[in-house]
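# fold the following, please.
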Amino acid sequence: MQGATKIICSYRQPLRLHQEALKGRTLWMMLVPLTMLVGGCDRTDLVAVQNFASVSQQATAQFPDLAADIYGSCVRAAQFESELPTQQKVQQRCGQFKQLAPTLIAANKVLEEYLFALGTLATDQTVTYGPTLAELAQSVQANTSFQPAQVKAASGILGFLLEAQAGRYRQQQVQAAIAATNTDLNVLIPALKAIIGQDYTRLLLIEEQTMAAYYRSKISTGKEQLLLVAVIKNQWQDQRTTLAQKKAAVAAYIEILDQIAAAHQQLYNDRGRLSSQETIQVIVQYARTLQPLMKNLVKAF
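Model (predicted):
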């Protein structure tokens with residue numbers, strides 16, 4: 001579905017964002033730069049940072065559905081192994097993954113809120129959160145799925161957010177903001193990647209294997225009933241398609257995290273010349289790379 005178009009202004013040229021609806025969700029997708037428009041724009045050197053932060057925040061905001069499905073995948077595998085698994089068996093097998101989701105979501109929320117703050121600082125606006133940071137801090141401190149250094153990194157980024165909310169960072173201090181968080185981001189992002197790339201990937205593989213065993217058994221049992229076998233094969237194919245989309249979503253989110261980490265490192269390396277044409281071009285390209293990856297996430301969930 002086609003949607004509206006809005007303009008983010010740069011002192012060099014405007015950037016056009018296009019609204020795209022997909023499965024009931026709205027994504028703002030950045031298009032190619034336009035030529036200068038009549039009427040002009042506000043002169044800002046940080047439009048590329050603002051746009052990158054905005055697109056990255058949208059990408060990380062898709063994470064809760066993915067995190068919740070870590071538990072969902074475990075439950076589905078249990079159901080394939082036994083058509084009527086007891087609640088106790090499901091809890092024994094999958095309870096740890098149900099508890100994992102909130103801690104993962106909280107850690108990812110730290111990243112999301114940082115990207116929001118970075119984009120806000122790039123517009124010279126005040127960063128405001130309300131009571132959410134205090135609640136997020138409690139969730140992060142209670143995280144038993146991460147190593148102490150990883151919890152410390154998430155807490156370090158939260159500390160920056162509290163300072164930003166207090167007005168200690170504004171547009172002219174975006175360089176300092178990037179410098180203050182880069183080390184902690186390089187610890188937090190790999191922690192998120194490890195759990196999604198290892199634990200969730202392993203559970204999806206187990207689900208795929210138990211699904212195959214379940215449907216092969218069904219086909220073997222009903223092999224004399226051709227119509228029934230056809231129905232079973234169609235069900236199996238539908239579920240394999242859904243599972244393939246979830247695998248693609250895992251790969252997409254890992255790539256999203258890689259791109260965010262690489263782009264932030266680039267901003268850190270170039271923090272003294274954020275307005276240079278070279279830096280702007282590189283950061284715009286990172287933002288563009290995230291767009292198809294976001295679509296893979298939305299398709300799966």
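
# low-confidence ranges, this protein, go.
Within the chain, the ranges that satisfy pLDDT under 70 run 1-45, 84, 130-131, 170-172.

# now the helices: where do they sit in it?
Counting by DSSP state H, the chain has these helices, from start to end: 47-60, 63-81, 87-122, 132-141, 148-165, 174-194, 201-221, 226-269, 277-300.

# just these: most buried one?
Burial of the helices of the chain is given as mean neighbour count (mean count of other Cβ atoms under 10 Å); helix 47-60 ranks first at a mean of 25. The way it works is simple: take the backbone N, C-alpha and C, and place the C-beta from them, glycine included.

# list the helices and strands that one packs on?
For helix 47-60, the packing partners by 3 or more Cβ pairs under 8 Å, 6 or more residues apart in numbering; DSSP states H and E come out as strand 2-8, strand 15-22, strand 25-30, helix 87-122, helix 226-269, helix 277-300.

# endpoints of stretch 140-149, how far apart?
Chord length of stretch 140-149, first to last residue, is 12 Å (Cα to Cα, to the nearest Å).

# mind checking how far it is from the chain centre?
19 Å (Cα atoms, centre = their mean, to the nearest Å).

# give me the contacts around that stretch.
By Cβ atoms under 8 Å, 6 or more residues apart in numbering, the residues outside stretch 140-149 that reach it are 100, 103-104, 106-107, 110, 151, 154-155, 158, 187, 191, 195.

# stretch 110-128 now?
Identification of contacts with stretch 110-128 by Cβ under 8 Å, 6+ apart yields 44, 46-47, 49-50, 53-54, 56-57, 60-61, 63, 129, 132-133, 136, 140, 154, 157-158, 160-161, 164-165, 167, 169-171, 173-174, 177-178, 181, 185, 188-189, 192, 260.

# pull the distance from it to the chain's centre.
The answer for stretch 110-128 is 16 Å, by Cα atoms, centre = their mean.

# ok, stretch 58-67 next?
Put simply, stretch 58-67 sits 4 Å off its chain's centre (Cα atoms, centre = their mean).

# re the thing from before, can you put the helices and strands packed on helix 47-60 in a markdown table and add distance to residue 71?
What follows is the helices and strands packed on helix 47-60, written out as a markdown table (distance: least, Cβ to Cβ, whole Å):
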| stretch | distance to residue 71 |
| --- | --- |
| strand 2-8 | 33 |
| strand 15-22 | 25 |
| strand 25-30 | 22 |
| helix 87-122 | 4 |
| helix 226-269 | 13 |
| helix 277-300 | 15 |
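
# looking at the ones you listed, which is nearest to residue 217?
Residue 217 lies closest, by Cβ to Cβ, to one member of the helices and strands packed on helix 47-60: helix 226-269, at 10.0 Å.

# quick one, the closest one and helix 63-81 angle?
With axes from the mean of the first three to the mean of the last three Cα atoms, to 10 degrees applied, the angle from helix 226-269 to helix 63-81 works out at 150 degrees.

# rewinding a little: residue 87: which of the contacts of stretch 140-149 is nearest?
Each of the contacts of stretch 140-149 was checked against residue 87 using Cβ to Cβ; the closest is residue 100, at 18.7 Å.

# ok, and the closest non-adjacent residue to the closest one?
residue 145 (5.6 Å; Cβ to Cβ, 6 or more residues apart in numbering).

# relative to residue 270, how far out is the residue nearest to residue 222 when sequence neighbours are not counted?
For residue 222, ignoring the flanking residues on the chain, the nearest one in space by Cβ to Cβ, 6+ apart is residue 228 at 4.4 Å. Separation of residue 228 from residue 270 (Cβ to Cβ, to the nearest Å) stands at 63 Å.

# how long is stretch 270-283 end to end?
Stretch 270-283: ends 11 Å apart by Cα to Cα.

# ok, residues contacting that stretch?
10, 12, 45-49, 51-52, 174-175, 178-179, 263, 266-267.

# kindly report the same for stretch 248-267.
49, 52, 56, 59-60, 62-63, 66, 111, 115, 178, 181-182, 185-186, 189-190, 192-193, 196-197, 200-201, 204, 274, 279, 282-283, 286-287, 289-290, 293-294, 296-297, 299-301.

# one more: stretch 71-82?
Stretch 71-82 is contacted from outside by 85, 89-90, 93-94, 97-98, 100-101, 200, 203-204, 206-207, 210-211, 213-214, 246, using Cβ under 8 Å, 6+ apart.

# give me the number of residues near residue 199?
Residue 199 has 18 neighbours, counted by other Cβ atoms under 10 Å.

# which non-adjacent residue is nearest it?
Leaving aside its sequence neighbours, residue 199 sits nearest to residue 70 (Cβ to Cβ, 6+ apart; 6.6 Å).

# tell me the contacts of the one you found?
By Cβ under 8 Å, 6+ apart, residue 70 lies in contact with 97, 100-101, 104, 199-200, 203.
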